[in-house]
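Student: sequence first, predicted model second:
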Amino acid sequence: MKIILMLIISFLLFGCNTEKVKPKINTELEKEQLPVHESWDTKIIFSEQGITKAILYAKHLEILEDQQGTFVDGVKIDFYDKNEILISTLTSDKGRVDDKTQNMFAVGNVVVVNEENTTVETDELMWRKVDQMIMTDKYVVFTSANERIEGYGFESSQSLKNYKIFNPIIVTTYILDNENTP
């Protein structure tokens, strides 16, 4: 019995390795590339004089100090009017908020929908905070209850009520039958 106990103690003493395990360090990352802040399921409120102008929701957010921007994945932005009533919603795959201007740049599967179901679809879009305008020079599809316009270059209020398509290529107008509409 003593021999078995001695063998067990010997295995335990000699079986333990005192060498410390060193973690692997990724030397490819530069310090400037690391975010100064990172969060998930984030909400950012844009306001002026206590009035909410927009609320940004992001699945993932990184603030990179050297690039003076906030980078977001899984973007949703709710836009509000002067009475803080929701007027439209923007969604996109990714986005960036400029720290100085607070302008937002949306990229990838960008869709804006207002309360009347008017829709804008494009690959890139910018929301300018100073005047709450949205714009792009890319291909857009604008769809409302009575028309569908495809073209290049777009500018609109964030409510999608006042808009311009600079180079329309396809315009489809729907004729509404006023006699049969309620």
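Tutor: Looks like it came in fine.

Student: now do the contacts for Gly69.
Tutor: Residues near Gly69 by Cβ atoms under 8 Å, 6 or more residues apart in numbering: Ile63, Arg96, Val97, Asp98, Asp99. The C-beta positions use only the backbone N, C-alpha and C, and glycine is treated the same way.

Student: what do you get if the cut-off is 6 Å, keeping everything else the same?
Tutor: Counting by Cβ atoms under 6 Å, 6 or more residues apart in numbering, Gly69 makes contact with Arg96, Asp98, Asp99.

Student: what about the residue nearest to Gln68 when sequence neighbours are not counted, neighbour count?
Tutor: Spatial nearest neighbour of Gln68, excluding adjacent residues (Cβ to Cβ, 6 or more residues apart in numbering): Asp99 at 4.6 Å. By other Cβ atoms under 10 Å, the residues close to Asp99 number 14.

Student: quick one: the helices in this structure?
Tutor: Here the chain has its helices, by DSSP state H, at 2-15.

Student: low-scoring stretches of it, by residue?
Tutor: For the chain, the stretches flagged by pLDDT under 70 are 1-33, 65-67, 176-182.

Student: now with 80, please.
Tutor: The chain contains residues with pLDDT under 80 at 1-37, 64-69, 174-182.

Student: in it, which residue is closest to the centre?
Tutor: The chain has Val75 as the residue nearest its centroid, 2.5 Å off, counting by Cα atoms, centre = their mean.

Student: my read: it touches Ser92, true?
Tutor: Yes - taking contacts as Cβ atoms under 6 Å, Val75 lies within contact range of Ser92: 4.5 Å.
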